[in-house]
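Asker: Okay, predicted coordinates and the sequence, questions at the end:
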Amino acid sequence: MASPAAAQNSPSTALDSNAEVNAFLNQVATRNPGEPEFLQAVHEVATDIVPFTADKPQYRDARILERMAEPDRIISFRVCWTDDNNEVQINRAYRIQNNNAIGPYKGGLRFHPSVNQSVLKFLAFEQTLKNSLTSLPMGGGKGGADFDPKGRSDAEVMRFCQAFMTELSRHIGPNIDVPAGDIGVGGREIGYLFGQYKRLNTRFEGVLTGKGPSFGGSLIRPEATGYGVVYMMHNMLAHAGQSIEGKTCLVSGSGNVATFCVEKLNSMGGKVVTLSDSSGFIHDPDGITDEKLAYVMDLKGNRRGRIDEYAKAFGCDFVANARPWIVPGQLAFPCATQNEVNEKDAADLVKGGCQAMAEGANMPTTPAAVTALQEAGVLLVPAKAANAGGVAVSGLEMSQNSLRYAWTRDEVDARLQTIMRDIHEQCAGYGEQTGGGLDYLKGANIAGFVKVADAMLAQGVN
Ligand code: NDP
C-alpha cells in the first residue's frame, strides 16, 4: 500500500506542509512501534525535508526520505562470554546498516546498558546525513551492545570484544562497513576488536577506525570530535562577528568528546567551568585548566573513576544527579548523551546568558528545548554538523590505510579544520537567516539530504 504521503503526492499538488509532515511521521511511527528515539530523529529531519521537497518531484516521487528512514539492513545477534568468575554472560548486539548510497557504511559502536534498536536506528539515520556533510565517501551505520564496561576488568572487556567481533566480522569489511568508537568504545576496545577481526580473517586491513597509531590509526582521531565541535563554534561565532575568546563555556560529559572539546576551548581562549558524568556535574569557577584537564583524562580514561573526585582534588562544587545547565555561561557544549538538555535546561541556559550551543553528543537537545533555545535567539548548531569532525577524521584514516601512508598531526588537523569550515558553509548555504541568526538545523538537514538523495536517484530504485 502506498504511504499516506506518497498517495497524496502528485508533484503539482501543493499540500499544507504540516499535514504532510504529520502524515509522513504517522506512517514511520506505525512501521516502527516502541522506538521513540528513532521517531524523534526522523521527526526533526522530516520537519525540514518534507517542505524542502514540496516542489521537487524527483525526490518525492522516488520516495527518497521514506527509503532513508528504512535501514538497508538490521543485524541483531547474541554475544556470549565468560566473566572473571567463570559465569556465562549474555548480551544483545546490533549493527544497523542504514544507507550506503555514497560509500561503505560508516559509524560507531556503542557499549552501554541503554543500547537498543531504537537508539541505534536514530544514530544510524543521523549518521547518514552527517557523513554526507563531511563530503567524504561514507554511508551511514551504527552498532553496539547493551554491555556495560563499567566495573569490568580488562580481561572481561577483551573477552566481550572478541565474542562481539566473532559475529560482527562476517558483516563488515573495508569496502562494506567500517565501524569506529562511540560511548563505551575507545582505543582499548577498538584494539581488541581489531585483533579479533585480524585473527578471524588473517587480513590486516582498515576495517575499523580509531585504531592505535602503531597499527594504522590516524593521528588526531581521538581529538577530532571534540576539536571539530570547537572549530564549528568558532566558525559560527565568526559568522556572527564574535569569538570564543574570554567566553565562559559549559561542557557536559567527561569522556572522549568532552575532554578534547575542553582542550581546544582552552587553546582558543575560552574558560570552561563545568564537566559531568552520569552521577552529576562539577562546577569549577576558576576554570578547568590544561593541568586539571590532564587529571580528568587520567581519571576517566585510565582509572575509570567518577567526576566527583575532581571536586575533591581541586576544592570545587560537585552537584549530584544534576546537569551543568543551571550554571551561567555564554557557550554550551552538551557532550554526554542524547536528550540531556530538556525544556527546563533550555530555560536555565537562556537565563544564564547562553548565546550559542554546539552539540557534541548526538541529539542531546529535546525538540521542546530546541524550540525554546531558538525562540530565545540562541545560535544552535546540531550534532550532525557540529560533531562530524570525528567521522571526518575516520574517513581520513580510511584514506591513509588505503594509501598505506600516515599523514602528520598538522596535516590531519588542517584537513579537519577545512572540513569543518566547509560544513559550516554548506549549513549557511541552505539555512535561512532568522531573527536569532542562521538556522543551522535546517541548513544541516538539507545539505546532508541532497547529496545522499542525488546518489540514490542516480542508482535507481533499490
Ligand atoms: P565516552 O564513553 O567517552 O563518554 C561519555 C560521557 O557521557 C561520560 O562522561 C559518561 O558518563 C556520560 N554519559 C553517558 N551516558 C550518560 C547518561 N545516560 N547520562 C549522563 N551522562 C552520560 O563517549 P564519547 O565521548 O565518545 O561520546 C559522547 C557523545 O558524543 C555520544 O552522544 C556520542 O554518540 C557522541 N559522538 C562521539 C563521537 C566520538 O568520536 N567518540 C563522534 C560523534 C559523536 P559515565 O562515565 O558516568 O558513563
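Answerer: Perfect, I can see it now.
Asker: all contacts plus neighbour counts: C-alpha atoms, from now on.
Answerer: Will do.
Asker: residues near the closest residue to the ligand within the stretch 351-462 of the chain, how many?
Answerer: Among all residues of the stretch 351-462 of the chain, A361 sits closest to the ligand, at 3.5 Å; criterion: CA to the nearest ligand atom. Using other CA atoms under 10 Å, A361 is surrounded by 29 other residues.
Asker: Just give the closest residue to it, not the sequence neighbours.
Answerer: Of all residues not flanking A361 in the chain, C335 sits nearest, at 4.4 Å (CA to CA, 6 or more residues apart in numbering).
Asker: three-state assignment of that neighbour?
Answerer: Counting by DSSP: H, G, I helix; E, B strand; the rest coil, the backbone at C335 sits in coil.
Asker: I'd like to check which residues are in contact with the residue of the stretch 351-462 of the chain closest to the ligand.
Answerer: Residues near A361 by CA atoms under 8 Å, 6 or more residues apart in numbering: V257, P334, C335, A336, T337, Q338, A383, N387.
Asker: what does L200 give?
Answerer: By CA under 8 Å, 6+ apart, L200 lies in contact with T166, S169.
Asker: The residue nearest to A361 against V251, yeah?
Answerer: Yes - judged on CA atoms under 8 Å, C335 makes contact with V251 at a distance of 6.6 Å.
Asker: So for these two, which residues contact both of them?
Answerer: A258.
Asker: Of these two, which one has the most company?
Answerer: Comparing C335 with V251 by other CA under 10 Å, the one with more neighbours is C335, at 33 against 26.
Asker: Distance check, the more buried one against the ligand.
Answerer: According to CA to the nearest ligand atom, to the nearest Å, C335 stands 5 Å off from the ligand.
Asker: Need the pLDDT of that residue.
Answerer: If you check C335, the pLDDT there is 98.
Asker: again, but for Y192
Answerer: Y192 carries a pLDDT value of 98.
Asker: what's the offset of the host helix or strand of W81 from the middle of its chain?
Answerer: Element membership for W81, per DSSP states H and E: strand 73-82. With CA atoms, centre = their mean, to the nearest Å as the basis, strand 73-82 stands 23 Å off its chain's centre.
Asker: I'd like the numbering to begin with 299 instead of 1 from here.
Answerer: Okay, residue one is now 299; in that scheme the one you just asked about reads as strand 371-380.
Asker: Packing partners of it?
Answerer: strand 386-397, helix 452-466 (3 or more CA pairs under 8 Å, 6 or more residues apart in numbering; DSSP states H and E).
Asker: Could you export these as TSV, including mean pLDDT, mean neighbour count and distance to L677?
Answerer: Shown next, in TSV, are those (pLDDT from 0 to 100; neighbours: other CA atoms under 10 Å; distance: least, CA to CA, whole Å):
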stretch	mean pLDDT	mean neighbour count	distance to L677
strand 386-397	98	21	30
helix 452-466	98	19	40
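Asker: Output those as JSON lines; include the columns distance to the ligand.
Answerer: Supplementary listing: the helices and strands packed on strand 371-380 in JSON lines, determined by distance: least, CA to the nearest ligand atom, whole Å:
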{"stretch": "strand 386-397", "distance to the ligand": "14"}
{"stretch": "helix 452-466", "distance to the ligand": "14"}
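Asker: Indicate which one of these is closest to V759.
Answerer: Nearest to V759 among the helices and strands packed on strand 371-380 is strand 386-397 (13.2 Å), distances taken as CA to CA.
Asker: Is the ligand within reach of the helix or strand following that closest one?
Answerer: Scanning forward in sequence from strand 386-397 by DSSP H and E, the next helix or strand is strand 403-409. No - on the criterion CA under 6 Å from any ligand atom, strand 403-409 is out of touch with the ligand, staying 7.4 Å away.
Asker: Now do the next helix-or-strand element following strand 403-409: which elements does it pack against?
Answerer: Next in sequence after strand 403-409, counting helices and strands by DSSP H and E, comes helix 415-431. For helix 415-431, the contact count by 3+ CA pairs under 8 Å, 6+ apart identifies helix 334-350, strand 386-397, strand 403-409, strand 438-443, helix 681-684, helix 686-701, helix 738-756 as packing neighbours.
Asker: rerun at 6 Å
Answerer: helix 334-350, strand 438-443, helix 738-756 (3 or more CA pairs under 6 Å, 6 or more residues apart in numbering; DSSP states H and E).
Asker: And the contacts of the last one?
Answerer: Put plainly, it is helix 738-756. D346, A399, L427, S430, L431, V679, P680, C725, Y728, G729 (CA atoms under 6 Å, 6 or more residues apart in numbering).
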